[in-house]
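K.L.:
got a predicted structure here, sequence first:
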Amino acid sequence: MDNRPETKNAYPSRRQRRNSYRKPRNKRSFPECPICNQSVKFLLTAISVGEDNRPAHFDCVLKLLSETEDLGPKEKITYIGNGNFAIVSGKAGKNLVIRKKIEFENRESKSEWRKLISRNLKNR
Ligand SMILES: [Zn+2]
């Protein structure tokens, strides 16, 4: 798959080297998505992942689920609310059939970051 010539990465470019010691020190206002390692800027649409309930991008979770779940040719993963996803087939509204419900978020231990959001929303 990777056909790049070997010489290309022999020396780290100037830009790569600069980035390696410019760690985001004062930029840790956003949590890091455990799936793609990018910052999660919109916690309202984030989904808790793993035992430590870290916020992950909604799109990343969707992608992860569609890769790990065994989907039929006409099936897709969709979000059905409350931290739950489902494998569905058919068209939304009319003939939507839920084949399997995926309880993705651990709702027993509600994540700290989500509690913070709801607190912020209430204070508005
Ligand atoms: Zn992500």
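P.N.:
Received the coordinates, thanks.

K.L.:
make it CA atoms for all contacts and neighbour counts henceforth
P.N.:
Will do.

K.L.:
who in this protein is up against the ion?
P.N.:
Within the chain, the positions adjacent to the ion are 33, 36, 57, 60 by CA under 5 Å from the ion.

K.L.:
nearest to E105, of these?
P.N.:
Using CA to CA, H57 comes nearest to E105 of the residues of the chain next to the ion, at 13.0 Å.

K.L.:
so that closest one sits against F30, correct?
P.N.:
No - checked against CA atoms under 8 Å, the pair H57 and F30 is beyond contact range at 11.8 Å.

K.L.:
and these two? which has more neighbours close in?
P.N.:
H57 (26 against 13; other CA atoms under 10 Å).

K.L.:
what distance do you get for the more buried one to K91?
P.N.:
Using CA to CA, to the nearest Å, H57 is found at 25 Å from K91.

K.L.:
try S118
P.N.:
Distance, S118 to K91, using CA to CA: 32 Å.

K.L.:
now do the strands in the chain.
P.N.:
47-49, 54-56, 75-81, 84-89, 97-103 (DSSP state E).

K.L.:
among those, which comes closest to K41?
P.N.:
strand 54-56 (9.9 Å).

K.L.:
check which helices and strands that closest one is in contact with.
P.N.:
strand 47-49 (3 or more CA pairs under 8 Å, 6 or more residues apart in numbering; DSSP states H and E).
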